[in-house]
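Trainee: Give me a model of this one.
(chains A and B)
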There are 2 protein chains.
Amino acid sequence: MSPSLVPVGNERGWIVPVGGAEEKISDPAILQRFVDISGESNARIAIIPTASQLEDTGPLYEEIFKDLGAGFAQALPYVERGDADRDDWHNVLETASGIFFTGGNQLRISTILGGTRVAQTIRRQNANGITVGGTSAGAAILPEHMIAYGTTGETPQAGMVSLAPGLGLTNRFVIDQHFRERDRLGRLLTALSYNPFAVGLGIDENTAAFISPDNVIHVEGAGAVTIVDVADVEHSSVASADEGESLCITNIKLHVLPQNATFDLTTREAKPA
Amino acid sequence: MSPSLVPVGNERGWIVPVGGAEEKISDPAILQRFVDISGESNARIAIIPTASQLEDTGPLYEEIFKDLGAGFAQALPYVERGDADRDDWHNVLETASGIFFTGGNQLRISTILGGTRVAQTIRRQNANGITVGGTSAGAAILPEHMIAYGTTGETPQAGMVSLAPGLGLTNRFVIDQHFRERDRLGRLLTALSYNPFAVGLGIDENTAAFISPDNVIHVEGAGAVTIVDVADVEHSSVASADEGESLCITNIKLHVLPQNATFDLTTREAKPA
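Mentor: Alright, predicted model coming up:
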């Protein structure tokens, strides 16, 4: 599911992965910024709670986004593949100014929406300038290659992570969420070691990477975004390692970026706040 | 590693995954056709033996391709990431009319060449009309999503397959090779079940899928190409299955296609020979 082509003269929309557990009531800075870049009071937010199996996830986000000033917010609770045929929901997607995936299990999103017109429309909307984001599982799903599941622990080990095709908004990075809280550097490094072409984004809870149309990451929130840049990796042993064996990966570059720091995905340069 | 854009007015080159163990001496129909579509006596074949750890793999293919009439054939034995800097080898890639990956371990190709200018050049060359193919591991590496490894057996089970980013020539299909010989329908189905958007190509040994610039698969060889079309899948249980649990996937469409049969990847229509 490659990114849709951005029409000539247009800009792609923002892409907003959130690390999970974002503050929703007392200081909802991340969700507020999501509403603001989606049009403030003119924002029309479509919420996709498919990752979650809790029925109140969608209504909860409807209420939050309206409280934060969005003119319109509606949950589209796709729970089986046939739901992609619902024209009333599809119309909401096609007229949205922002689309938000809730947390849960990212494989629920890919198995229920992968290959449907819903996935196609969201990619096209993002290419046409519409904001698309999500939290936790809803962040993992956004790029072409997503971490489906894996084990925790700092040392990268062969077989500790499983990748699957994601939504495909971009191919520039792979995301891991709840990053510091669940000790996931090892599995993100393992995911990147298979083919060192993408940038890794390890996003802490209550933290988001706001990725602008020109592919600059702006960090927002209480924790950090850890950038894992493998462009200069000289060696990765994952091709010869046995299951569970610790990997050898040399020349990894890391940036730990808190609130207001930036990272340019094109030049791969980090700037402190 | 998304496909390079095909320049306006140009056609993409052929993509030629081979299922492994192709006949090289007595009736080398597959390799002969590879030479023919790469320019016959004007063919300039670059061989990438990186998947193999045997030193004679490259020279063997040089000899075969020359015996089959190619005017030029040279192996480029990239064995570490720094080898991507060799300008003499890079020049061979940039002037090739056909590029061929040998068998071995596909993770050696992705870990050694992923994210280097070699991978970029091969994608650009294919977008500019140059034939790119490979056998076994060299077939697996060609698309965006590749099967890195997995277990055999017919029943798809959660966790039986591991995906990794491949070379990224196309995003339309996922390949499994030695298909019938190693009983791999289960792992291909599992790979597709994560996100039912791609077509699965299960390629038998001594069999190839010659994929034309307009995305029609032409089968060549002694076995079959099994097409797994999951466009109409109604349910996939992989999001909720435990490791090793048998999966429920409904409404899979299969085509088993021998020599001269075709499959159109755009319309998803199969035609008997």
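
Trainee: Distance check, the most centrally placed residue in chain A against A:Gly166.
Mentor: Residue closest to the mean C-alpha point of chain A, counted by C-alpha atoms, centre = their mean, is A:Ala139 at 2.6 Å. Per C-beta to C-beta, to the nearest Å, A:Ala139 is found 10 Å from A:Gly166. All C-beta spots, glycine's among them, are computed from the backbone N, C-alpha and C.

Trainee: cool, and A:Thr111?
Mentor: When distance is defined by C-beta to C-beta, A:Thr111 is 12 Å away from A:Gly166.

Trainee: Between these two, which contacts overlap?
Mentor: Listed contacts common to A:Thr111 and A:Gly166 are B:Asn195; contacts here mean C-beta atoms under 8 Å, 6 or more residues apart in numbering or on different chains.

Trainee: Confirm that A:Val92 lies within a helix, as I assumed.
Mentor: Yes. Going by DSSP: H, G, I helix; E, B strand; the rest coil, the assignment for A:Val92 places it inside a helix.

Trainee: Pull the number of nearby residues for it.
Mentor: Other residues lying near A:Val92 total 20 when counted by other C-beta atoms under 10 Å in any protein chain shown.

Trainee: now do the one 3 residues further on
Mentor: A:Thr95 has 12 neighbouring residues, counting by other C-beta under 10 Å.

Trainee: what's the answer for A:Ala208, then?
Mentor: 28.

Trainee: Show me the contact partners of stretch A:57-65.
Mentor: Counting contacts by C-beta under 8 Å, 6+ apart, the residues outside stretch A:57-65 that touch it are A:24, A:28, A:31, A:35, A:43, A:45, A:47, A:49, A:52, A:73-77, A:100, A:102, A:104.

Trainee: Sorry, slip of the keys, the one I care about is stretch A:4-18.
Mentor: Contacts with stretch A:4-18, where a contact means C-beta under 8 Å, 6+ apart, come from A:30, A:34, A:37, A:120, A:123-136, A:138-140, A:142, A:169-170, A:175, A:177, A:201, A:203, A:207-214, A:221.

Trainee: Send me it as CSV with only the CA atoms.
Mentor: The C-alpha trace of stretch A:4-18 is given here as CSV (Å, rounded to 0.1, in the frame of the first residue of the first chain):
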residue,chain,number,x,y,z
SER,A,4,-0.8,8.1,-3.0
LEU,A,5,0.8,10.6,-5.3
VAL,A,6,0.6,14.2,-4.1
PRO,A,7,-1.2,16.1,-6.9
VAL,A,8,1.0,18.7,-8.6
GLY,A,9,0.8,22.1,-6.8
ASN,A,10,-0.6,20.4,-3.6
GLU,A,11,1.0,19.6,-0.3
ARG,A,12,0.6,16.3,1.5
GLY,A,13,-1.2,16.6,4.9
TRP,A,14,0.4,16.3,8.3
ILE,A,15,1.1,12.8,9.7
VAL,A,16,0.7,12.6,13.4
PRO,A,17,1.8,9.5,15.3
VAL,A,18,1.2,9.7,19.1
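
Trainee: Give me the buried positions along that stretch.
Mentor: Buried residues in stretch A:4-18, defined by neighbour count with 16 or more other C-beta atoms under 10 Å in any protein chain shown: A:Ser4, A:Arg12, A:Gly13, A:Trp14, A:Ile15, A:Val16, A:Pro17, A:Val18.

Trainee: what do you get for stretch A:167-186?
Mentor: The neighbour-count check on stretch A:167-186 (16+ other C-beta under 10 Å) flags A:167-180, A:184-186 as buried.

Trainee: Kindly report the same for stretch A:34-49.
Mentor: Across stretch A:34-49, burial judged by 16+ other C-beta under 10 Å covers A:34-39, A:43-49.

Trainee: what's the answer for stretch A:67-76, then?
Mentor: A:Leu68, A:Ala70, A:Phe72, A:Ala73, A:Gln74, A:Ala75, A:Leu76.

Trainee: what separates it from the chain centre, distance-wise?
Mentor: The chain centroid and the centroid of stretch A:67-76 are separated by 20 Å, computed with C-alpha atoms, centre = their mean, to the nearest Å.

Trainee: what do you get for stretch A:175-184?
Mentor: The chain centroid and the centroid of stretch A:175-184 are separated by 13 Å, computed with C-alpha atoms, centre = their mean.

Trainee: contact partners of that stretch?
Mentor: Residues contacting stretch A:175-184 (C-beta under 8 Å, 6+ apart): A:17-21, A:135-137, A:139-140, A:142-143, A:146-147, A:150, A:152-154, A:185, A:187-188, A:191, A:200-205, A:223-224, A:226.

Trainee: Which members of these occur in helices, if any?
Mentor: Judged by DSSP state H, the subset of those located in helices is A:Ala137, A:Ala139, A:Ala140, A:Leu185, A:Arg187, A:Leu188, A:Ala191.

Trainee: mind checking the SS state of A:Val228?
Mentor: In three-state terms, and counting by three-state DSSP, A:Val228 is strand.

Trainee: okay, now it: neighbour count?
Mentor: Applying other C-beta under 10 Å, we find 22 other residues in the vicinity of A:Val228.

Trainee: ok, the nearest residue in space to it that is not next to it in sequence - contacts?
Mentor: The spatial neighbour of A:Val228 that comes closest, neighbours along the chain excluded (C-beta to C-beta, 6 or more residues apart in numbering or on different chains), is A:Gly200 at 3.3 Å. The contact partners of A:Gly200, by C-beta under 8 Å, 6+ apart, come to A:173-176, A:188-189, A:191-192, A:226-230.

Trainee: make it 6 Å
Mentor: With contact set as C-beta atoms under 6 Å, 6 or more residues apart in numbering or on different chains, A:Gly200 has these partners: A:Val174, A:Leu188, A:Leu192, A:Val228.

Trainee: Mind checking which of the buried residues of stretch A:167-186 are in helices?
Mentor: A:Leu185, A:Gly186.

Trainee: Touching, A:Leu142 and A:Gly168? I think so.
Mentor: No. Using C-beta atoms under 6 Å, A:Leu142 is not in contact with A:Gly168; the gap is 8.5 Å.

Trainee: shared neighbours, those two?
Mentor: Counting by C-beta under 6 Å, 6+ apart, A:Leu142 and A:Gly168 have no common neighbour.

Trainee: Within range of chain B, give me the residues from chain A.
Mentor: Residues of chain A lying near chain B by C-beta under 6 Å from any C-beta of the partner chain: A:1-2, A:81, A:105, A:107-108, A:110-111, A:114-115, A:145, A:162-165, A:171, A:194-197, A:234, A:236, A:238-239.

Trainee: Would you show me how to pick out the buried ones of those in PyMOL?
Mentor: In PyMOL, a selection of the buried entries from the residues of chain A next to chain B looks like this (16+ other C-beta under 10 Å):
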select buried, chain A and resi 1+2+81+105+107+108+110+111+114+115+145+162+163+164+165+171+194+195+196+197+236+238+239
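
Trainee: Please narrow the residues of chain A next to chain B to those residing in strands.
Mentor: A:His145, A:Ser162, A:Leu163, A:Ala164, A:Pro165, A:Ser236 (DSSP state E).

Trainee: Can you lay out the buried residues of stretch A:67-76 as a markdown table showing secondary structure, distance to B:Arg86 and pLDDT?
Mentor: As requested, the buried residues of stretch A:67-76 are exported to a markdown table (DSSP: H, G, I helix; E, B strand; the rest coil; distance: C-beta to C-beta, whole Å; pLDDT from 0 to 100):
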| residue | secondary structure | distance to B:Arg86 | pLDDT |
| --- | --- | --- | --- |
| A:Leu68 | coil | 55 | 98 |
| A:Ala70 | coil | 55 | 98 |
| A:Phe72 | strand | 57 | 98 |
| A:Ala73 | strand | 55 | 98 |
| A:Gln74 | strand | 56 | 98 |
| A:Ala75 | strand | 55 | 98 |
| A:Leu76 | coil | 52 | 98 |
